[in-house]
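Novice: Fold the following and give me the result.
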Amino acid sequence: MTVKLFIASTLDGYIATKEESLQWLFDVEGEGDNGYGAFYSGIDTIIMGKKTYDWLEKEQAGQWPYSDKTSYILTHQEISSTDNIVFIDKEKLTELSVNFADTDKNIWVVGGGEVIKLFLENHWVDELQVTIAPVLLGGGIPLFLSGNYKEQLQLIDTKTYGQFVELHYLVKKIDTDNFVSNFLSLKTL
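Specialist: So this is what the prediction gives:
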């Protein structure tokens, strides 16, 4: 299993304005789909938080953009799942990790900030692909929330898409504990 973060950011480190707008992203001249199609075609499973799910539902007018994949939505609420959208809590996330641990599945952590922070704090992220836009917002929703994590990264590739620059990093695994044992530590939180 490989856990990936694929996300766009402004040069000053924001993923959205304070009002949760991404218009800045669409105002930048890119090239094609800016690498999204190639990335998405290699993804098997999607994980995101409930706030990101709600934002997508609103912005996509009820047309789920990941209907061809199973999406797991991390939430504290009890919500009925559908065929390809499964609402889970941290305990179910642990069970899911055990099922995926010895597979070759590629998992995309879409966001939001709290979910990314959870994955970073538990050293669950294997790769980061961050696309930088030549925009300065001066404030907004940060790419990485403050937290109890520290990762060493290895740059393995860069690509440009018009005015965008994509930085592709591997996370250097310092801790020898495996992914499943890290996930199981959730039960002690």
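Novice: Could you use CA atoms for every contact and neighbour count after this?
Specialist: Fine.
Novice: List the contacts of the strand or helix carrying L25.
Specialist: Using DSSP states H and E, L25 sits in helix 23-26. By CA atoms under 8 Å, 6 or more residues apart in numbering, the surrounding residues in contact with helix 23-26 are 8, 133, 135.
Novice: Neighbour-wise, give me the winner out of the residues you listed.
Specialist: Per-residue neighbour counts (other CA atoms under 10 Å) across those peak at A133, which has 27 neighbours.
Novice: which residues touch it?
Specialist: Counted by CA under 8 Å, 6+ apart, A133 has contacts 8-11, 25, 28, 163-165.
Novice: what sits opposite it in the beta ladder?
Specialist: With DSSP bridges as the criterion, A133 is bridged to T10.
Novice: is it true that T160 touches E166?
Specialist: Yes: counting by CA atoms under 8 Å, T160 does reach E166; the two are 6.1 Å apart.
Novice: the more surrounded of those two?
Specialist: A direct count of neighbours by other CA under 10 Å for T160 and E166 places E166 higher, at 22 against 15.
Novice: Would you map the helices across this structure?
Specialist: 23-26, 36-41, 50-59, 90-100, 113-121, 179-184 (DSSP state H).
Novice: weakest of these in terms of mean pLDDT?
Specialist: Here the lowest mean pLDDT among these goes to helix 179-184, at a mean of 59.
Novice: From the contacts of A133, pick the one nearest Q129.
Specialist: A8 (8.4 Å; CA to CA).
Novice: For burial, what's the neighbour tally of L118?
Specialist: Counted with other CA under 10 Å, L118 comes out at 18.
Novice: repeat for K50
Specialist: A count of nearby residues for K50, using other CA under 10 Å, gives 20.
Novice: Hmm, it is touching L74, no?
Specialist: Yes: with contacts counted by CA under 8 Å, K50 reaches L74, the gap being 5.9 Å.
Novice: returning to what we had before: just the buried residues out of the contacts of A133, in PyMOL syntax.
Specialist: Buried residues among the contacts of A133 (16 or more other CA atoms under 10 Å), as a PyMOL selection:
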select buried, resi 8+9+10+11+25+164+165
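Novice: mind listing what G111 touches?
Specialist: Contacts of G111 (CA under 8 Å, 6+ apart): 47-49, 52.
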